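1. Sequence first, then the predicted structure, then my questions.
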Amino acid sequence: MAHPHRKHLLTSVQMARFVAHGAHRIDAVVPAEMNVEAIDVLRAGIPAVPYGTPLSESFGDGSFAQRLVQLPEVAGAIRSFVGPDPTVDHHAVHIRRAHEGSAQNLHGDAIIDVRPDAFDVQLMYYPQEVTLEMGGTLSVPGSHLRRTNESDTGRYQNLRGQTRLTCPAGSVVFLHHGIWHGGRRNDSDIDRYMFKIRFNPTVRQLKLWNTDDLDDTGVAAELGRLFPWYEHATGRLEIYNRVRLWQALIGDETYDPDYWVTRVTNRPTRVVAPRSLNPFAPAPTQESA
């Protein structure tokens with residue numbers, strides 16, 4: 001696949017926002033004619049590919065799925081998150097039937113994955129306008145680094161600050177693989193379609209985006225963002241985890257604008273000579289030195 005133009009890569013502020021929120025949204029990026037085509041394509045189904053198939057080999061030449069991931073802004077986001085030559089973990093077509101009467105429990109995907117410094121991303125494409133009545137995907141911003149077992153959050157029906165996706169036709173959302181989310185009940189008169197692809201990186205996720213604004217003050221502002229569901233005290237753990245992830249993404253363990261990491265990793269290695277521990281010890285003489 002061709003490399004996306006630099007102007008279509010994410011900026012540092014956008015990447016920091018993803019590290020904080022666990023999501024990146026691009027509204028109405030897919031052309032109208034593709035959205036019309038998508039319904040029949042998704043209804044018919046898209047052939048599965050084995051786990052670990054290179055993205056460049058996963059979809060046939062000229063196929064709908066290939067054209068989707070090659071759209072400049074979509075390709076730029078994929079490159080920014082997982083780099084060149086990612087593999088496809090899996091993909092799926094999700095259909096919420098009209099008046100289906102049930103919703104998916106809040107959950108996180110593959111929470112057995114405990115990598116603190118790497119992540120997969122999931123592309124979610126919505127070919128139709130999604131209204132609240134259609135039951136758009138619910139997600140909890142900032143939840144992706146709070147590790148739980150996959151369905152531990154299923155007993156929660158509502159969390160402060162959660163979002164119910166509403167979007168224009170042709171929108172694409174990228175999610176960190178750990179974010180808490182769930183498909184909502186469709187109370188409308190039409191079926192709702194969504195196509196999902198999960199990508200695995202094959203390179204270290206190090207400065208894969210447009211880093212021209214790496215020193216922008218907006219980066220630290222995004223990493224320090226608070227969300228309504230956080231507890232006053234332990235919510236600070238989320239900021240710590242974000243900073244550690246950002247350090248890995250930029251290859252700089254000294255980056256710590258508010259000293260969240262510095263405070264809890266301060267473990268000096270310099271050893272003080274035993275004599276200096278006693279402030280009343282006489283100074284060494286030339287003979288005793």
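-> Perfect, I can see it now. In this text the structure is predicted, and so the values were computed from the model without any measurement. Numbering: from 1, shown residues only.
2. Note down every partner strand of the helix or strand hosting residue 88 and its orientation.
-> Assessed by DSSP states H and E, residue 88 sits inside strand 87-96. Strand 87-96 pairs in its sheet with strand 53-54 (antiparallel), strand 192-200 (antiparallel), by DSSP bridges.
3. Format those strands as a markdown table; extra columns: distance to residue 261 and mean neighbour count.
-> C-beta coordinates here come from the backbone N, C-alpha and C atoms, glycine included. Output for the strands paired with strand 87-96, formatted as a markdown table (distance: least, CB to CB, whole Å; neighbours: other CB atoms under 10 Å):
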| stretch | distance to residue 261 | mean neighbour count |
| --- | --- | --- |
| strand 53-54 | 35 | 14 |
| strand 192-200 | 27 | 21 |
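4. what sits up against the strand holding residue 88?
-> Strand 87-96 is contacted from outside by 42-43, 45-46, 48-49, 51-55, 58, 65, 120, 134-135, 183-186, 191-200, 202, using CB atoms under 8 Å, 6 or more residues apart in numbering.
5. for stretch 53-69, same thing?
-> Residues outside stretch 53-69 that contact it (CB under 8 Å, 6+ apart): 1, 30, 34, 37-38, 41, 46, 49, 74-75, 78, 85-88, 91, 123, 125, 195, 197, 199.
6. One more: stretch 257-275?
-> By CB under 8 Å, 6+ apart, stretch 257-275 touches 220, 223, 224, 236, 239, 240, 243, 244, 247, 256, 281, 284.
7. next one: stretch 102-115
-> Residues from elsewhere that reach stretch 102-115 (CB under 8 Å, 6+ apart): 120, 122, 135, 138, 140, 143-144, 147-151, 153-154, 156-157, 159, 177-185, 198.
8. what's the longest helix in the protein?
-> Using DSSP state H, we find that the single longest helix of the chain is helix 236-250.
9. so residue 163 sits right up against residue 142, yeah?
-> No: the pair residue 163 and residue 142 fails to qualify as a contact (CB atoms under 8 Å) at a distance of 10.8 Å.
10. Contacts made by the longest helix of the chain with the rest, please.
-> Contacts of helix 236-250 (CB under 8 Å, 6+ apart): 15-16, 19-20, 116-119, 142, 145-146, 205-207, 211, 214, 219, 223-224, 227, 230, 253-258, 260-261, 264.
11. The residues you listed in helices, which ones?
-> 15, 16, 19, 20, 219, 223, 260, 261, 264.
12. quick check, nearest of the contacts of stretch 257-275 to residue 9?
-> residue 223 (19.3 Å; CB to CB).
13. measure that closest one to residue 118 for me?
-> Remark: distance between residue 223 and residue 118 (CB to CB, to the nearest Å) = 18 Å.
14. ditto for residue 39
-> On the measure of CB to CB, residue 39 and residue 118 end up 35 Å apart.
15. Residue 112 now?
-> 14 Å.
16. More neighbours: the two, which one.
-> When residue 112 and residue 118 are compared for neighbours, residue 118 comes out ahead with 15 against 7, by other CB atoms under 10 Å.
17. give me phi/psi at that one?
-> Note on residue 118: its backbone torsions stand at phi -150, psi 160 [degrees, to the nearest 10].
18. ok, now which ones touch it?
-> If you count contacts by CB under 8 Å, 6+ apart, then residue 118 has 201, 205, 248 around it.
19. Same question for residue 72.
-> Taking CB under 8 Å, 6+ apart as the criterion, residue 72 is in contact with 4, 5, 8.
20. what's it sitting at in phi/psi?
-> Dihedral angles (degrees, to the nearest 10) for residue 72: phi -50, psi -50.
21. And it, how close does it get to residue 163?
-> To residue 163, residue 72 is 26 Å away according to CB to CB.
22. Let's check: the centremost residue of this structure is which one?
-> residue 176 (2.4 Å; CA atoms, centre = their mean).
23. How about it: which residues does it bridge to?
-> Applying DSSP bridges to residue 176 gives these bridge partners: residue 121.
24. Would you mind measuring from it to residue 142?
-> 10 Å.
25. Over to residue 199?
-> Residue 199 is 22 Å from residue 142, by CB to CB.
26. quick revisit: now the buried members of the contacts of helix 236-250.
-> Listed as buried from those are 15-16, 19-20, 119, 142, 145-146, 205, 207, 214, 219, 223, 227, 230, 255-256, 260-261; burial here means 16 or more other CB atoms under 10 Å.
27. what distance separates stretch 122-134 from the centre of its chain?
-> With CA atoms, centre = their mean, to the nearest Å as the basis, stretch 122-134 stands 18 Å off its chain's centre.
28. tell me the pLDDT at residue 2?
-> Residue 2 carries a pLDDT value of 67.
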